[in-house]
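J.: Structure of the sequence below:
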Amino acid sequence: MKVVWLLKIVLLFSVSGCTYSFKGGSVPPHLRTIAIPIVEDQTGSGNPILRESMTKQLTTAFLNDNTLQVTDRNTADAILEAVILDMKDAPAVLEGVEKVTQRRVTLSVRATLYDQLLRRKLWEKSFSGWGYYPSGSSLTQQNEGITEAIRKISEDILNETVAGW
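T.: Numbering: from 1, shown residues only. Now for the predicted structure:
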């Protein structure tokens, strides 16, 4: 008897097609557009890809998500500002006693979302992301680690914006 009820419950859940999605479930209904100004770089690292890559990745994340339409600052319902505060590059994988085989680059970002229609700050949070690259490699490979860190942070910022209410 218990087995029959258990099978009915399992069948009910599998037939009902329960799904869970973050897309657009929590964005206030009056917010339809977002502007993403160029990200500020306060790291002092001198790495030329930080600002452009972070801005581009954030914009791409919002375009792909399609919960908020990306537009210019003058017509946007919301503005997402971001500042890269810190970049750390440290040994991550040691081989033997002193040979570093992989490095980890970590970025720290502060992001703020403003509601332009109600003229108020919705949230301000810190985000962190990391990426790995081979030790002793070129700047290009370090930038691949940075790109991975930026991708992770952008996903976190997107999720906070569209589902973090």
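J.: what about the helices in this structure?
T.: Counting by DSSP state H, one finds helices in the chain at the ranges 2-16, 49-65, 139-163.
J.: mean pLDDT lowest for which of those?
T.: When these are ranked by mean pLDDT, helix 2-16 comes last with a mean of 44.
J.: quick revisit: let's have the helices of the chain in JSON lines, adding mean neighbour count and distance to residue 37.
T.: Quick note: C-beta positions are derived from backbone N, CA and C, even for glycine. Below are these laid out as JSON lines (neighbours: other CB atoms under 10 Å; distance: least, CB to CB, whole Å):
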{"stretch": "helix 2-16", "mean neighbour count": "9", "distance to residue 37": "43"}
{"stretch": "helix 49-65", "mean neighbour count": "18", "distance to residue 37": "8"}
{"stretch": "helix 139-163", "mean neighbour count": "19", "distance to residue 37": "14"}
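J.: Now do the same contact list for the nearest residue in space to residue 72 that is not next to it in sequence.
T.: The shortest distance from residue 72 to any non-neighbouring residue, by CB to CB, 6 or more residues apart in numbering, is to residue 35 (5.9 Å). Residue 35 sits next to 70-73, 75-76, 78-80 when contact means CB atoms under 8 Å, 6 or more residues apart in numbering.
J.: could the helices of the chain be laid out in CSV, adding distance to residue 99?
T.: Putting the helices of the chain into CSV (distance: least, CB to CB, whole Å) gives the following:
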stretch, distance to residue 99
helix 2-16, 52
helix 49-65, 28
helix 139-163, 17
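J.: got a list of what the spatially closest residue to residue 147 that is not a sequence neighbour touches?
T.: Using CB to CB, 6+ apart and skipping residues adjacent in sequence, the residue nearest residue 147 is residue 53, 6.1 Å away. Each residue near residue 53 by CB under 8 Å, 6+ apart is listed here: 146-147, 150.
J.: Check the residues you listed against residue 31 and report the nearest one.
T.: In terms of CB to CB, no member of the contacts of residue 53 lies closer to residue 31 than residue 150, at 24.2 Å.
J.: ok, the closest one to residue 27 distance?
T.: Going from residue 150 to residue 27 by CB to CB, to the nearest Å gives 23 Å.
J.: now residue 42
T.: 29 Å.
J.: Of the two, give the one with the bigger neighbour count.
T.: residue 27 (19 against 13; other CB atoms under 10 Å).
J.: and the closest residue to residue 31 other than its chain neighbours, what are its phi and psi?
T.: Spatial nearest neighbour of residue 31, chain neighbours left out: residue 77 (4.7 Å); criterion: CB to CB, 6+ apart. Note on residue 77: its backbone torsions stand at phi -80, psi -30 [degrees, to the nearest 10].
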